[in-house]
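Asks: sharing a model prediction with you, sequence too.
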Amino acid sequence: GILGRTDAESYARAAEALADFDVWDLVPRIRTPLLAVGGEADRSVPLDRSRELAARVPQAVVTAIPDAAHSLVAENPAALAAALTAFIDGSRPA
């Protein structure tokens, strides 16, 4: 997969930078509609974390992507596209 072709040093540095990036306290300030998507099999960012995020944003919707873990675009692009389209169109995902 794509992660296997990623430079290990660059990946490690990006992970270190993200480890210190914490804007959780600012999340309730979001006033635009938000789609929180998560893969049903994601162990690195469990779906419950997407639900926690959505609970902090007034206009948030949570969508679980089936047959996917963390790389939604690669693992289930059709379901992700359907969720995005439904969100943008203002309808609920199927």
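Replies: Right, received. Where do you want to start?

Asks: can we go C-alpha only for contacts and neighbour counts from here?
Replies: OK.

Asks: neighbours of Gln59, how many?
Replies: Number of residues near Gln59 (other CA atoms under 10 Å) recorded here: 13.

Asks: what ranges do the strands span in this protein?
Replies: 34-39, 60-65 (DSSP state E).

Asks: okay, buried residues for the last one please.
Replies: Neighbour-count burial for strand 60-65 flags 60-65 (criterion: 16 or more other CA atoms under 10 Å).

Asks: and it, what's its mean pLDDT?
Replies: Strand 60-65 shows a mean pLDDT of 96.

Asks: check the gap between the closest residue to Ala41 other than its chain neighbours and Ser44 for me.
Replies: Excluding its sequence neighbours, the residue lying closest to Ala41 (CA to CA, 6 or more residues apart in numbering) is Ala69, at 4.3 Å. Ala69 is 8 Å from Ser44, where distance means CA to CA, to the nearest Å.

Asks: so which of these two has more stuff around it?
Replies: For the pair Ala69 and Ser44, the greater number of neighbours falls to Ala69 (20 against 9), based on other CA under 10 Å.

Asks: what sits up against the helix or strand of the chain with the lowest mean pLDDT?
Replies: Among the helices and strands of the chain, helix 8-19 carries the lowest confidence by mean pLDDT, DSSP states H and E, at a mean of 89. Outside helix 8-19, no residue is within contact range by CA atoms under 8 Å, 6 or more residues apart in numbering.

Asks: just how off-centre is that helix within its chain?
Replies: 19 Å (CA atoms, centre = their mean, to the nearest Å).

Asks: then it to CSV, C-alphas only?
Replies: C-alpha atoms of helix 8-19 as CSV (Å, rounded to 0.1, in the frame of the first residue of the first chain):
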residue,chain,number,x,y,z
ALA,A,8,10.0,6.2,7.2
GLU,A,9,11.8,9.3,8.5
SER,A,10,9.2,11.7,7.0
TYR,A,11,6.4,9.6,8.4
ALA,A,12,7.9,9.6,11.8
ARG,A,13,8.4,13.4,11.7
ALA,A,14,4.9,14.0,10.6
ALA,A,15,3.6,11.8,13.5
GLU,A,16,5.7,13.7,16.0
ALA,A,17,4.3,17.0,14.7
LEU,A,18,0.7,15.8,15.0
ALA,A,19,1.3,14.4,18.4
